[in-house]
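Generate a structure from the sequence data that follows.
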Amino acid sequence: MKTILKVLLGTAAILVAVAGSTSASDEHAYIGSKNCKKCHIKQWKSWSETTMAQSFEILRPGQRVEQKTAAGLDPENDYTTDPECVRCHTTGHGKEGGFVDEASTPDLMGVGCETCHGPGGTYVADEYMSIKNKEYKRADIEAVGSIFPPTEEQCIGCHNTDSPFVDDDYVFDFEQRKTEGTHENSPMKYEH
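Here you go, the predicted model:
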């Protein structure tokens, strides 16, 4: 009986350890752009004034009436729950921990920092990129999910001819868009 009890307790301990371990998706949880603001105020402020930051609002009824009408969309329709629309107008939609809906994940509405730089759940930890570790090494944060600089592949997932607002001849100009419509790029205070 004692042997069976030891085996059961040992098995239970293993199950608890496995259940409590961090999975890759937990490690790279979405945290929302407001968390980036703490250290990157200039970038956050300039980003918050862009179309990317406000992209969820475009999906609301009565917004961008002329553009929606020209694209053959009903400008009075609410597109904020349309999966085809929210996948490109939110942060992390369709990915674990990403945007679900306006009520449960409001900090992920709009195209936020993590759309371009990867989910921040791990790389903003104290031992990586944080107020406590201002002289972090870029290679260290990239190893745990940070994307810097963003890639063209990330952008063309949404900036493509699937959008009802462009024609079949549309070509995304990555080089131009890196400097327009994203955020201010200011020099880093510390060497990374």
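
Spit out the contact partners of the closest residue to residue 146 other than its chain neighbours.
Nearest residue to residue 146, sequence neighbours excluded (CB to CB, 6 or more residues apart in numbering): residue 123, at 4.3 Å. For every residue, glycine as well, the C-beta is placed using N, CA and C. Contact analysis of residue 123 by CB atoms under 8 Å, 6 or more residues apart in numbering lists 129, 141, 144, 145, 146.

so the fourth one sits right up against residue 125, yeah?
No. Taking CB atoms under 8 Å as the definition, residue 145 is not a contact partner of residue 125, at 10.6 Å.

of those two, who's got more company?
A direct count of neighbours by other CB atoms under 10 Å for residue 145 and residue 125 places residue 145 higher, at 20 against 15.

where does that one fall, helix, sheet strand or coil?
The local conformation at residue 145, judged by DSSP: H, G, I helix; E, B strand; the rest coil, is coil.

do you know how far it is from residue 122?
Separation of residue 145 from residue 122 (CB to CB, to the nearest Å): 5 Å.

re the thing from before, would a markdown table of the contacts of residue 123 with pLDDT be doable?
Putting those into a markdown table (pLDDT from 0 to 100) gives the following:
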| residue | pLDDT |
| --- | --- |
| 129 | 85 |
| 141 | 88 |
| 144 | 88 |
| 145 | 88 |
| 146 | 88 |
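
which pair in these spans the largest distance?
Within the contacts of residue 123, two members stand farthest from each other by CB to CB: 129 and 145, at 10.7 Å.

Quick check, pLDDT for residue 189.
Per-residue pLDDT puts residue 189 at 70.

Contact partners for it?
Contacts for residue 189 (CB under 8 Å, 6+ apart) come out as residue 134.

Now do it against residue 40, distance only.
11 Å.

remind me which residues of the protein are low pLDDT?
Applying pLDDT under 70 to the chain flags residues 1-27, 181, 186-188, 190-192.
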